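Trainee: Here is my input, please return the structure:
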Amino acid sequence: LMRSVGEQNSDISHNFTALRKKALEIALRDTGYEAQQQTKVEAAFNTFISFRNDVLLYDDSIETLEDLRSKGVIVGAITNGNANVWEVDSVKSLFDFAVRAEDAGEAKP
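Mentor: So this is what the prediction gives:
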């Protein structure tokens, strides 16, 4: 469904948040849940994004990020997805910047 929504809505194909919400709207409509559709979409998406930002890190991730920062390396995240490093308590202080495709308005090459 996501792929189909992206193909039919090229203006938001880089924005996974918008694509997922649009897919949820279609799924709700197609299964007869027209009433309070937007409320249901927001509730479903908020549940999804909460779990999306509950990441499982590799064992040495935090140590590696701390080591890079201690050496003065600027650490950033660039993603086409909609995970948000600023919402991940265990690593948010270890990043200097994050760019998501939905923020930039384009998918990364």
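Trainee: got a list of what E66 touches?
Mentor: Listed by C-beta atoms under 8 Å, 6 or more residues apart in numbering, the contact set of E66 reads L94. For the C-beta atoms, the positions are set from N, CA and C on the backbone; glycine is no exception.
Trainee: quick one: what helix or strand has it in it?
Mentor: Element membership for E66 (DSSP states H and E) is helix 61-70.
Trainee: buried ones in that helix?
Mentor: Buried residues in helix 61-70, defined by neighbour count with 16 or more other C-beta atoms under 10 Å: L65.
Trainee: tell me how far the helix or strand hosting A23 is from the chain's mean position?
Mentor: Take DSSP H and E as the rule and A23 turns out to sit in helix 16-30. Distance of helix 16-30 from the chain centroid (C-alpha atoms, centre = their mean, to the nearest Å) equals 15 Å.
Trainee: who does the next helix or strand after it touch, helix- and strand-wise?
Mentor: Scanning forward in sequence from helix 16-30 by DSSP H and E, the next helix or strand is helix 37-52. Packing partners of helix 37-52 (3 or more C-beta pairs under 8 Å, 6 or more residues apart in numbering; DSSP states H and E): helix 16-30.
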